[in-house]
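Participant: Give me coordinates for this.
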Amino acid sequence: MDASDVRVMIVEDDELEREALAALLAGRGYRISQTSNGLEALMQLRASGGTDLIVLDMAMPVMDGWRFLAEKMRDPVLMPIKVIVLSAYEFPAPQLFSSLDEAFLRKPLELDALLGTIQRVATEGAAASTKTWLS
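Facilitator: So this is what the prediction gives:
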């Protein structure tokens, strides 16, 4: 799958991080949309018809990543969208995300790990597991 075929939504409250990720991914050919919290992401996804992949920060105001994931999983249209979770927090990722089909990357991000995970997750079939635990 060519990067220009992949729509990536970045959900990150830190404007500098969000803009840097957007520039990096757009420079690689991905089609980018951005929001600063989970509520904006849900509204944009429902209005636009979706995206192929979400890069999701967990600690955000208005609606954090946890609540966003819960709402996403309740919506049959949004449920199949793949998510790469980003967080600086230490959690036991396999236990917390084991019921989801998500990838997890710890901040600060290693760009090669992020790019590799995006490429892998974007090209895997919908039925394939995307669980990845990188710290």
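Participant: Could you confirm residue 77 falls within a helix?
Facilitator: No. Residue 77 is assigned coil when assessed by DSSP: H, G, I helix; E, B strand; the rest coil, not a helix.
Participant: Confirm for me that it is in contact with residue 50.
Facilitator: Yes. Look at residue 77 against residue 50 with CB atoms under 8 Å: they come within range, at 6.9 Å. All C-beta spots, glycine's among them, are computed from the backbone N, C-alpha and C.
Participant: And what about the residue nearest the centre of the chain, helix, strand or coil?
Facilitator: Here the mean C-alpha position of the chain is nearest to the C-alpha of residue 55 (CA atoms, centre = their mean), at a distance of 2.0 Å. When classified by three-state DSSP, residue 55 comes out as strand.
Participant: Which parts of this protein are strands?
Facilitator: 7-11, 31-35, 53-57, 82-87, 102-106, 132-134 (DSSP state E).
Participant: For residue 34, grab the count of nearby residues.
Facilitator: Per other CB atoms under 10 Å, the neighbour tally for residue 34 reads 18.
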